[in-house]
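> With the sequence up front, the predicted model follows.
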There are 2 protein chains.
Amino acid sequence: MKALIGFSAFLLASASAFAQVPTIADKDLKIAAELRDEALKSSIGYKVVESLTTEVGPRMAGTPGDAAAVKWGVAKLEELGFDKVWTEPVTFPTWKRGTEKAEVIAPYPQPLVITALGFSVGTPKGGLTAEIIQFDTLEDLVKAPKGIAEGKIVFIKNRMKRARDGSGYGPAVSARGRGAVEAAKQGAEAILIRSIGTDSHRMAHTGMMRYEEGVKRIPAAALSAPDADLLENMTRRGKPITVKLDIDAQDGPDYTSHNVIGEIRGSEKPDEYVILGAHLDSWDLGTGALDDGAGIGITVAAAELIARLPERPKRSIRVIMFANEEQGLVGGKAYAEAHKDELKHIITAAESDFGAGKIWRLDSRVKQDAIPVVEKMVKVMEPLGITYGNNRAGGGPDLIPLRGYGISVFSLRQDGTDYFDYHHTPDDTFDKVDKESLDQNTAAYVVFAYLTAQMEGDFGFGLE
Amino acid sequence: MKALIGFSAFLLASASAFAQVPTIADKDLKIAAELRDEALKSSIGYKVVESLTTEVGPRMAGTPGDAAAVKWGVAKLEELGFDKVWTEPVTFPTWKRGTEKAEVIAPYPQPLVITALGFSVGTPKGGLTAEIIQFDTLEDLVKAPKGIAEGKIVFIKNRMKRARDGSGYGPAVSARGRGAVEAAKQGAEAILIRSIGTDSHRMAHTGMMRYEEGVKRIPAAALSAPDADLLENMTRRGKPITVKLDIDAQDGPDYTSHNVIGEIRGSEKPDEYVILGAHLDSWDLGTGALDDGAGIGITVAAAELIARLPERPKRSIRVIMFANEEQGLVGGKAYAEAHKDELKHIITAAESDFGAGKIWRLDSRVKQDAIPVVEKMVKVMEPLGITYGNNRAGGGPDLIPLRGYGISVFSLRQDGTDYFDYHHTPDDTFDKVDKESLDQNTAAYVVFAYLTAQMEGDFGFGLE
């Protein structure tokens, strides 16, 4: 059954035959509040992130760090007393970063700090030297006269905007994802983009890019913000700027990693479960403390706090450490595929994948008659500085495939003002994680997880 | 004649036979105030730094960037209308950075971000692998039982303290300068220090280190702050930590660079001059915007503002862009040696070499009866937020050799709270320069330069 979408209210209807108006017992609200306060005193989440970044560090999909992270994840969940810990296979193509150098050759010779974008091809051996052609935005490149970049290196100078909700990312990131394709269509030999980030440090931001069937595959890299400034300043002088790129990134063979799953087993309806998700892989440049070590720490800690209660919750709580989110939500897709016949078992889900900034808003995606229960949940989160947003939650990247099947999701929206200062750079390290903020996140997640595991009724299935 | 040093006043006496109590005309104070206000509206200094960092960039002593900077300096001073522009040779040994890699091999394999310290030797070809031995400070290493680091890599984890006046640098930097010698004396194969800096970014801070005759020359490198954290966190786990270093830095042949000098020629006493100093070289990692592009911009702009007046000042104003400050004040020593027979020509001197932060204090080093003139100078600087400090000014690094001969110097002390976030890193780039602060610096320097060029009398010679 399709949902009826109202203009002002975006109502979500339930497709379930078992539809039941959900309720939460006052006793459970009280326990949720106690768990929340306990979380604020806890440091498990912080310790988990420290452990992952110290003992594993970078864990790009398909690398030895990926394998080490899977091993670490299983051991950590067992050590923390999860009732059931297992892995599920996730297979994907791999990519390897090699040397990556860039320099201005003329008229103002100096080195540039770059990093190859994920799955970029390398330059010819010995490098590639060409003149720069600068565009304000990807759109300007697309709209420019056909063949304008013939034999040149396209440089897109667009700056991402800083915002608490990360809303600057979407408009900016298309230059990373589609830049190489559009530049190649215009005849370019390579593309350099200003890093998709909000900092002004000498570190370039990596991230995925895509090629298109039938379009020449050209090397794609990001410049650090100060290096993009430098090229802009050079370009303003009016003389042709020649740049040499030397990148030897390569595609690798397919690899099988694993989603790592830990469950606190429910006491009444053990086959129904709440998903707390985060992704275990990271990019290769940093130690993945914010992206997504923080999410791992928050979700593991929230479940662990519930496991400390004298009794198991009614439903199960399943922490999923997704494999290879960064290179295409591969772990999320594999989970949805593997579990598509038991979607009714998923009462709801939330993923933490936006760093360690404080949560300021809760969004839901539930059937309309479940809203009162969501409001009760928000009340328990209010002392954390969290208010209700709307019923159009996204849920998180690895939940997109499940959401496609209509499951209910929640978004515990974090303050991402600084998130894109570090995102996909070498600077994504443990020192950037603020313990107090991380604990606040855990507190919100434990309220969410406990109440959804305890409530009577459901949030709807087959939601749009 | 030796100065009498009082306990509370630190009086400085004059050794000059021509001692004359200095005075400043009210008319000159008025012009100085106008110059100050003009400087605040000016953007010459900012443009000069932009030009140097864009058109030259990194300019480590002895590199092609050094030669380009000398050429740039001469052209810039001529373009800005200095009356006389010339160069003086400065010869020194050179050093070249090569590949520099480090990684933890066991038990938690991951890469580390390091940078070799200036004049460090390389590791043996193929790298050097050894266990880490951690010390809190250089002093702890020195005091430890003899041979404690035999066959190991010393790691000094001491953190530099942030301070407006940069006072955290001195106590911390000895680990950089003397660490390799002390580690080698204790049997070590190499040394890693936590970067001498106040940031928490994934960039290591380079800077000079020294070897000692008769002590084994071992490789020396700095870890970025997050990497030093990482080693600390690993070490706390109690297992031996094995690290591999691969550094191929090398000494090079002697090289002759140049001090670049521009003069606004005095109208009454052209052979007497005020020195405005800054250094033209930088380290190789950044574009030397703060260290010391800012100093170049400030001093050039201050002199240029005076050159715009309808009449030349009474004395000459000499802007000296010192060669190779970073590797041992080589340009400063060469200037002092070349001009040691005409020290009486130098009425006073100040060097700007502490970034682009606002000036908050003026210190002097003048004979006691010149203090009233200094007080008048401070009055003109007061609207800039500058107060008087004391009569024990250092003057700046390149002025140390001249100060050894007893010349008068001034210190226009800048706010260096953030300076060591960027110092000697790739992050020392133009975006870190704040235009308003740079203009405030120029305003203070123009007051200083104009009043000392105009005043009657002198500040004393042979000062202690």
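Sure thing, it's come through.

> which element is A:T287 on?
Using DSSP states H and E, no element contains A:T287; it sits outside every helix and strand.

> What score does it have for pLDDT?
A:T287 carries a pLDDT value of 98.

> List the buried residues of stretch A:411-423.
In terms of neighbour count (16 or more other Cβ atoms under 10 Å in any protein chain shown), stretch A:411-423 has its buried residues at A:S411, A:L412, A:R413, A:Q414, A:D415, A:G416, A:D418, A:Y419, A:F420, A:D421, A:Y422, A:H423. Where you see a C-beta, it was placed from the backbone N, CA and C, and this is true even at glycine.

> and A:G170, that one's in a helix?
Yes. The assignment for A:G170 (DSSP: H, G, I helix; E, B strand; the rest coil) places it in a helix.

> That one: neighbouring residues, count only.
Residues within reach of A:G170, counting by other Cβ atoms under 10 Å in any protein chain shown, total 9.

> Contact distance from chain B - what residues of chain A qualify?
Residues of chain A lying close to chain B (Cβ under 8 Å from any Cβ of the partner chain) are A:50, A:53-58, A:64-65, A:68, A:108-111, A:113, A:200-203, A:225-226, A:229-230, A:233-234, A:237, A:286-287, A:425-427, A:429-432.

> In helices only, show me those.
Using DSSP state H to define helices, the subset of the residues of chain A next to chain B located there is A:50, A:53-55, A:64-65, A:68, A:225-226, A:229-230, A:233-234.

> Could you dump those into CSV and include pLDDT?
Listed next are these as CSV, based on pLDDT from 0 to 100:
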residue, pLDDT
A:E50, 98
A:T53, 98
A:T54, 98
A:E55, 98
A:P64, 98
A:G65, 98
A:A68, 98
A:A225, 98
A:P226, 98
A:D229, 98
A:L230, 98
A:N233, 98
A:M234, 98
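
> between the residues you listed, which has the most around it?
A:T53 (31 neighbours).

> surely that residue meets A:G288?
Yes. Using Cβ atoms under 8 Å, A:T53 is in contact with A:G288, at 6.9 Å.

> Need the residues touching each of those two.
Counting by Cβ atoms under 8 Å, 6 or more residues apart in numbering or on different chains, A:T53 and A:G288 have no contacts in common.

> Show me the helices in the stretch 1-150 of chain A, by range?
A:26-41, A:44-55, A:64-79, A:138-143 (DSSP state H, counting those that start in this stretch).

> tell me the most buried of those helices?
Mean neighbour count (mean count of other Cβ atoms under 10 Å in any protein chain shown) peaks for helix A:44-55 among these, with a mean of 24.

> follow-up on the earlier one: mind checking which of the buried residues of stretch A:411-423 land in strands?
Applying DSSP state E to the buried residues of stretch A:411-423, the entries found in strands are A:S411, A:L412, A:R413, A:Q414.

> In the top strand by length along chain A, which residues are buried?
The single longest strand within chain A, with elements called by DSSP E, is strand A:250-264. Buried positions in strand A:250-264, judged by neighbour count with 16+ other Cβ under 10 Å: A:Y255, A:S257, A:H258, A:N259, A:V260, A:I261, A:G262, A:E263, A:I264.

> From A:A336, how far off is the second one?
So the one you mean is A:S257. 16 Å (Cβ to Cβ, to the nearest Å).

> Check the third one too.
Taking Cβ to Cβ as the criterion, A:H258 is separated from A:A336 by 16 Å.

> contacting residues for A:R59?
A:G65, A:D66, A:A68, A:A69, A:L280, A:D281, A:S282, A:G288.

> so who does the closest residue to chain B within the stretch 101-250 of chain A touch?
Per Cβ to the nearest Cβ, A:Q110 is where the stretch 101-250 of chain A lies closest to chain B, at 3.4 Å. Listed by Cβ under 8 Å, 6+ apart, the contact partners of A:Q110 are A:E103, A:V104, A:L230, B:V56, B:G57, B:P58, B:G65, B:T287.

> can you pull up the bridge partners for it?
Beta-bridge partners recorded for A:Q110 (DSSP bridges): A:V104.

> Look at it and report its pLDDT.
98.

> Okay, it and B:V433: tell me how far apart.
Distance from A:Q110 to B:V433, by Cβ to Cβ: 17 Å.

> A:I105 now?
From A:I105 across to B:V433, the span is 26 Å (Cβ to Cβ).

> Could you do A:G385 as well?
Here A:G385 is placed at a distance of 37 Å from B:V433 (Cβ to Cβ).

> More neighbours: which of the two?
B:V433 (21 against 13).

> So what does the more buried one have for phi and psi?
phi -90, psi 120 (degrees, to the nearest 10).

> And for the one 4 residues further on?
Reported as degrees, to the nearest 10, the phi and psi values for B:S437 are phi -70, psi -40.

> cool, A:E456 as well?
phi -90, psi 150.
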